[in-house]
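Enquirer: Structure for the following, please:
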Amino acid sequence: TNSAEMVISWPDGQWRDLLVSTAPIRDPEGAITGAVGVFQDITELEQAKRDLQRRTAQLETVRQVGLHLSAELELGALLRTIVVQAVALLHVDGCVLYLFRPEQDLLEAVVAIGDSSGPAGRLVHRGEGVPGVAWETGQPSRMTEGTDLPAGAAQLVGSSGAAAAAVPVRWGDEFLGVIAVSRKAAMPVADADVEALELGAAQVAIAIRNARVVAQEAEQRRRAEALTQATAVLASTLDLEELLRYLLSAAMEAIPSADRGAVLLLDKAGERLVARTQVGYASLRVGESMVARDEQPLLWATLEGQSVLVPDVDAGDSVFVPLAREVRSPQSSVIAPLRYRGGPIGVVVLTNFTRKSAFGRQDLELLSAFADQAAVAVENARLYEDAQGKAVLEERQRLARALHDSVTQSLYSLTLFTQTAQRRAGAGDMERVQENLRQISETAAQSLLTEQPGNAVAKEAIRLASQIRREVPAGAKLDPLTGRGPLAA
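Expert: You can find the predicted model right below:
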């Protein structure tokens, strides 16, 4: 008995699996006189075997991809691995993974495997081709040659084939993208293939979710470190100008989307915001550029309220006014107020001159945290600056009082020495008069050394004392009223 399996085409066009068993017919002498054959339809059995093999291969693929998911954190490498595995598992000629870009409301091809030139980077609108239909309906989408889908729809999945399918990629209720496959041959994508493709879509969703979690944790860690470093820097100085430079530098380092930044502080009159430090501006002058209340309504509103995100400076409802005239116009901005104990101090403005929507909600929250910490440091620096100014003023006043007291004391000493010399001159005690004159000269000289007011009086006292000592001989009597002599006999 011989057995063999064969596949034949039924009159209705279906392909059937048959098991053919044959045996010879022999006569009594053992000679073959004929044969008998039995045909058994084993299509369902063979289909069950193929389904089992496919399911086993799918599970192995899932296991392999799972290993990659646990070992690989780089999203691009993970997505490419999933697409390559899908091509091998489903025996298709092309596979493309599209990710949803909500800011543009489009699908963008990020990974493409296939025999075409490759549509990586291609953009697909809602309802366009097989991927667009899967996106629009939220259900698997299939096509074969002759269907009513738009001409060239198969090219959107990476092959010029005649059969294609696509399934949406979701994480819970969130739409993430579409994964699509195509075949050159007009062999439809079976239900089992769609199920396998949905497994691939689930793995894509897990990979994207894991990558997001890792990225968010890294971003939170980076922002926390930036805040910690900023706090340490802000506490390291009481010099206001240096502090403001540190603040702006730390904010722009933590929010790399900013290519220009400025800190403006409220003047003492509360009527102008004055630029105290800036980075990137060509025409914004520190200490000179000022903003009056009627010139920048958004800055003044921010100063009195909450942080503001301006995704599109050119939008019709935007009230953002550029801080200075630059060659290029700003595209987006984020602004945070500096407030201390409810009172306004100033504003921090970060701007991007190349991209709209360059800043996100996390950037707004981070800049607000920076501003809250910086406001305390800025107020402390201002108080220190004021205290330094008061200390200088008080020292000047003290010195002025000391100088005044010193001048008064010197003049009083000169008066006493002069009066004593006059009395002794009248008594004829010229030796002691000479001593008083010496004291007058020394006191006046000391006054001159301190460069005090009243030096003219000291100089005159020295001149007179020297002249008297030269003109009056020892033992002569002086006129007690004028200090001059000698008296006539």
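Enquirer: Give me the three-state assignment for R276.
Expert: Here R276 is strand, with the state taken from DSSP: H, G, I helix; E, B strand; the rest coil.
Enquirer: wait, it sits on E242?
Expert: No. With contact defined as CB atoms under 8 Å, R276 does not reach E242; the gap is 11.1 Å. Yep, even glycine has a C-beta here, placed from its N, CA and C like the rest.
Enquirer: Compare the two (neighbour count), which wins?
Expert: R276 (21 against 14; other CB atoms under 10 Å).
Enquirer: residues in contact with the more buried one?
Expert: R276 makes contacts with L240, E241, L244, V263, L264, L265, V286, G287, G346, as judged by CB atoms under 8 Å, 6 or more residues apart in numbering.
Enquirer: of those, buried ones?
Expert: Buried by 16 or more other CB atoms under 10 Å: L240, L244, V263, L264, L265, V286, G346, out of the contacts of R276.
Enquirer: In three-state terms, label the nearest residue to the last one once chain neighbours are set aside for me.
Expert: Closest residue to G346 in three dimensions, ignoring its sequence neighbours and counting by CB to CB, 6 or more residues apart in numbering: L265, at 3.8 Å. When classified by three-state DSSP, L265 comes out as strand.
Enquirer: Please verify my assumption that L265 contacts I345.
Expert: Yes. Using CB under 8 Å, L265 makes contact with I345 at a distance of 6.3 Å.
Enquirer: Quickly list what's touching both of the two.
Expert: L338, V378.
Enquirer: Excluding chain neighbours, what is closest to R325?
Expert: Using CB to CB, 6+ apart, the nearest residue to R325 is S283, at 5.5 Å.
Enquirer: Tell me how far L59 lies from R293.
Expert: 69 Å (CB to CB, to the nearest Å).
Enquirer: Phi and psi next, for the residue nearest to R325.
Expert: With angles defined as degrees, to the nearest 10, S283 sits at phi -120, psi 0.
Enquirer: Am I right that it is in contact with R328?
Expert: No. Counting by CB under 8 Å, S283 stays clear of R328, with 11.9 Å between them.
Enquirer: Name the residues contacting each of these two.
Expert: Going by CB under 8 Å, 6+ apart, no residue sits against S283 while also sitting against R328.
Enquirer: Strands of the stretch 51-200 of the chain, residue ranges please.
Expert: For the stretch 51-200 of the chain, the strands defined by DSSP state E, counting those that start in this stretch cover 94-101, 106-114, 123-124, 141-144, 163-171, 174-183.
Enquirer: Export those strands to TSV and append columns for mean pLDDT, distance to L227 and mean neighbour count.
Expert: Below are the strands of the stretch 51-200 of the chain laid out as TSV (pLDDT from 0 to 100; distance: least, CB to CB, whole Å; neighbours: other CB atoms under 10 Å):
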stretch	mean pLDDT	distance to L227	mean neighbour count
strand 94-101	91	31	24
strand 106-114	89	33	22
strand 123-124	90	38	18
strand 141-144	82	47	22
strand 163-171	91	30	25
strand 174-183	91	29	25
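Enquirer: Of all those, which one is nearest V378?
Expert: strand 94-101 (40.1 Å; CB to CB).
Enquirer: Could you list every helix and strand in contact with that closest one?
Expert: helix 75-90, strand 106-114, helix 129-137, strand 174-183 (3 or more CB pairs under 8 Å, 6 or more residues apart in numbering; DSSP states H and E).
Enquirer: Tell me which of these lies nearest to T418.
Expert: helix 75-90 (98.3 Å).
Enquirer: The closest one versus strand 94-101: what angle between them?
Expert: Inter-element angle recorded for helix 75-90 and strand 94-101: 140 degrees (by axes from the mean of the first three to the mean of the last three CA atoms, to 10 degrees).
Enquirer: Let me know the angle separating helix 75-90 from strand 106-114.
Expert: Going by the same axes, to 10 degrees, helix 75-90 makes 60 degrees with strand 106-114.
Enquirer: elements contacting helix 75-90?
Expert: Counting by 3+ CB pairs under 8 Å, 6+ apart, helix 75-90 packs on helix 43-71, strand 94-101, strand 106-114, strand 174-183, helix 191-234.
Enquirer: top strand in this structure by residue count?
Expert: Ranked by number of residues, the top strand in the chain under DSSP state E is strand 15-26.
Enquirer: Give me the helices and strands touching the helix or strand just after that one, please.
Expert: Note on strand 15-26: by DSSP states H and E, the next helix or strand toward the C-terminus is strand 32-41. If contacts are counted by 3+ CB pairs under 8 Å, 6+ apart, strand 32-41 sits against strand 15-26.
Enquirer: Mind listing the strands the strand it packs on pairs with, and their directions?
Expert: strand 2-9 (antiparallel), strand 32-41 (antiparallel) (DSSP bridges).
Enquirer: what's the closest of these to V308?
Expert: Nearest of the strands paired with strand 15-26 (CB to CB): strand 2-9, 70.4 Å.
Enquirer: what's the closest one in contact with?
Expert: By CB under 8 Å, 6+ apart, strand 2-9 touches W15, R16, D17, L18, L19, V20, S21, T22, A23, I42, E46.
Enquirer: what number of residues lie near the fourth one?
Expert: Spelled out, it's L18. 15.
Enquirer: What residues are bridge-paired with it?
Expert: M6, D41.
Enquirer: mind starting the numbering at 590 from now?
Expert: Sure, I'll start numbering at 590, so the last one becomes L607.
Enquirer: picking that back up, adding distance to A785, write the helices and strands packed on strand 683-690 out as TSV.
Expert: Converted to TSV, these look like this (distance: least, CB to CB, whole Å):
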stretch	distance to A785
helix 664-679	6
strand 695-703	16
helix 718-726	15
strand 763-772	10
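Enquirer: Can you read off the pLDDT for G626?
Expert: Note for G626: predicted pLDDT of 86.
Enquirer: Sorry, wrong one. I was asking about Q636.
Expert: On the pLDDT scale, Q636 gets 81.
Enquirer: That one and L667: what is the separation?
Expert: Applying CB to CB to Q636 and L667 gives a distance of 33 Å.
Enquirer: which of these two has more neighbours?
Expert: Between Q636 and L667, counted using other CB under 10 Å, L667 has the larger neighbour count: 23 against 12.
Enquirer: For the residue nearest to that one when sequence neighbours are not counted, grab the count of nearby residues.
Expert: Leaving aside its chain neighbours, L667 sits nearest to A796 (4.3 Å; criterion: CB to CB, 6+ apart). Counted with other CB under 10 Å, the neighbours of A796 add up to 25.
Enquirer: Now for A796: which residues touch it?
Expert: With CB under 8 Å, 6+ apart, A796 has these contacts: L658, L664, L667, L668, I671.
Enquirer: will you turn those into CSV that also has pLDDT?
Expert: Output for these, formatted as CSV (pLDDT from 0 to 100):
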residue, pLDDT
L658, 60
L664, 77
L667, 79
L668, 84
I671, 81
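Enquirer: count of neighbours near Q693?
Expert: 10.
Enquirer: Could you pull up the residues touching the nearest residue to it once chain neighbours are set aside?
Expert: The spatially closest residue to Q693, leaving aside those adjacent along the chain, is L712, at 7.6 Å (CB to CB, 6+ apart). Contacts for L712 (CB under 8 Å, 6+ apart) come out as Q693, L695, L696, E697, A698.
Enquirer: just to revisit the earlier point, using neighbour counts, pick out the buried residues of the longest strand of the chain.
Expert: Those would be R605, D606, for strand 604-615 by 16+ other CB under 10 Å.
Enquirer: Quick one: mean pLDDT over that strand.
Expert: 88.
Enquirer: quick one: contacts of it?
Expert: In contact with strand 604-615 (CB under 8 Å, 6+ apart) are residues 590-599, 621-632, 634-636.
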